[in-house]
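give me a model of this one.
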Amino acid sequence: MNKFYEFMRDRYGADALSAVIVIVSFALLLIVSCFDVWWLSFLPLLLVIYAAFRILSKNISAREKENEFIVNIKEALLSLTKREKEDDTHIFAKCPVCGAKLRLPKGKGEFSITCPACKKKMRVRT
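Prediction:
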């Protein structure tokens, strides 16, 4: 085990982008095996080789920049779902008729609103 640690000491190692590359390669492998798409048969192997190259690379700064790109995309996608939880000035409610999401100001008391989706008028208390 010490030889493995010595070998990996100055190498970059696995990260989020490497994991995505391996997952995509397995998905492509399933597609190739199920649909007999011959022109895609080497692509999963090339992707796994590229992931291994990234993991074993000694150019750490270049690999960090590549990984930062995929992490920024992941954070952007997660921020779309976190918007409801992080908003301190508004609450989110569902329309009782159509189920549309409504963004309402917090602490304004009782007032009437109209659902933009179904045009139903209702009174809400925030």
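
could you use CA atoms for every contact and neighbour count after this?
Fine.

where does this structure dip in pLDDT?
Where the chain drops to pLDDT under 70, the residues are 82-87.

separation between the residue nearest in space to the middle of it and residue 16?
Residue closest to the mean C-alpha point of the chain, counted by CA atoms, centre = their mean, is residue 74 at 3.6 Å. Residue 74 sits 10 Å away from residue 16, going by CA to CA, to the nearest Å.

identify the single longest helix in this protein, thanks.
In the chain, ranked by residue count with DSSP state H as the criterion, the top helix is helix 60-86.

show me what the helix or strand following it pairs with in its sheet, parallel or antiparallel.
Note on helix 60-86: by DSSP states H and E, the next helix or strand toward the C-terminus is strand 90-94. Strand 90-94 pairs in its sheet with strand 101-105 (antiparallel), by DSSP bridges.
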